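Peer 1: this one's structure only:
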């Protein structure tokens, strides 16, 4: 346990340094991805109400049940408990991959939460079901989806650490399932009127970025 805490502390520091230094180290491919995400976010923001209306067309009981399920079990709190349970079970069952995944998920989750909260502070938009007015620098903003960031955060640690020892087809299936879950979470947030699509895109970007950085740093020996 103390060694795991030391690993977690060291990893948190390494992730923080990597996040700060990342833009200076990006090459053409990384900048292209960044620009594509920025363009998609801007387009979704400019047409946020039209896209919202399109997503919310269905209004059946099935949609309500599914959206309610994701609203409960796709939250950052639920993901935190998932990580805690995974760690305890991994320690109890002596499953190194499970423990490693939980540690990386915890370190990544901390930075994901920080970046998400900064985004919500700066882009302090009201929720769609509250009118959706855009504001800046307010404590009660919702310009970034926390559910979406938590869903995207799962991808890299689970695929590259938890499933690192399985066959390639299985890893691909795991990756596809994680992507499907993230899309499902994003849909639910828009359908429930909790976020616009552009908020979900930003959440995906933050969660995916922090998850990737954390996984990469966990797999790279410190200098």
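Peer 2: Everything's here; your move. What you see is a predicted model; the values in this text were computed from it and never measured.
Peer 1: tell me where the chain has helices.
Peer 2: Using DSSP state H, the helices found in the chain span residues 2-25, 28-46, 48-55, 61-73, 76-92, 96-122, 146-153, 155-157, 168-191, 197-219.
Peer 1: in the chain, which helix or strand is least confident?
Peer 2: helix 61-73 (a mean of 87; mean pLDDT, DSSP states H and E).
Peer 1: for the chain, which spans come out with low pLDDT?
Peer 2: In the predicted model, the chain carries pLDDT under 70 at residues 1, 221-223.
Peer 1: same thing but 80
Peer 2: Along the chain, the model assigns pLDDT under 80 to residues 1, 58-60, 220-223.
Peer 1: so which of the helices of the chain is the most packed in?
Peer 2: helix 146-153 (a mean of 29; mean count of other CB atoms under 10 Å). C-beta here means a position set from N, CA and C on the backbone, and glycine is covered the same way.
Peer 1: just the residues contacting that helix, thanks.
Peer 2: If you take CB atoms under 8 Å, 6 or more residues apart in numbering as the criterion, helix 146-153 is touched by 70-71, 74-76, 78-79, 105, 108-109, 112-113, 115-116, 120, 181-182, 185-186, 188-189, 194-195, 199-208, 210-211.
Peer 1: reformat the helices of the chain as CSV; add distance to residue 137.
Peer 2: Formatted as CSV, those follow (distance: least, CB to CB, whole Å):
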stretch, distance to residue 137
helix 2-25, 22
helix 28-46, 17
helix 48-55, 20
helix 61-73, 27
helix 76-92, 22
helix 96-122, 6
helix 146-153, 18
helix 155-157, 31
helix 168-191, 23
helix 197-219, 16
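Peer 1: residue 71 contacts residue 191, correct?
Peer 2: No - Residue 71 lies out of contact with residue 191 (CB atoms under 8 Å); the separation is 9.8 Å.
Peer 1: if you skip the residues just before and after it, what's nearest to residue 119?
Peer 2: Of all residues not flanking residue 119 in the chain, residue 144 sits nearest, at 3.7 Å (CB to CB, 6 or more residues apart in numbering).
Peer 1: in space, what's closest to residue 132 - neighbours in sequence excluded?
Peer 2: Once flanking residues are discounted, residue 132 sits nearest to residue 126: 5.8 Å by CB to CB, 6+ apart.
Peer 1: so who does that neighbour touch?
Peer 2: Neighbours of residue 126 in contact, by CB under 8 Å, 6+ apart: 132, 133, 134, 135, 141, 142.
Peer 1: excluding chain neighbours, what is closest to the second one?
Peer 2: In this case it means residue 133. residue 126 (4.9 Å).
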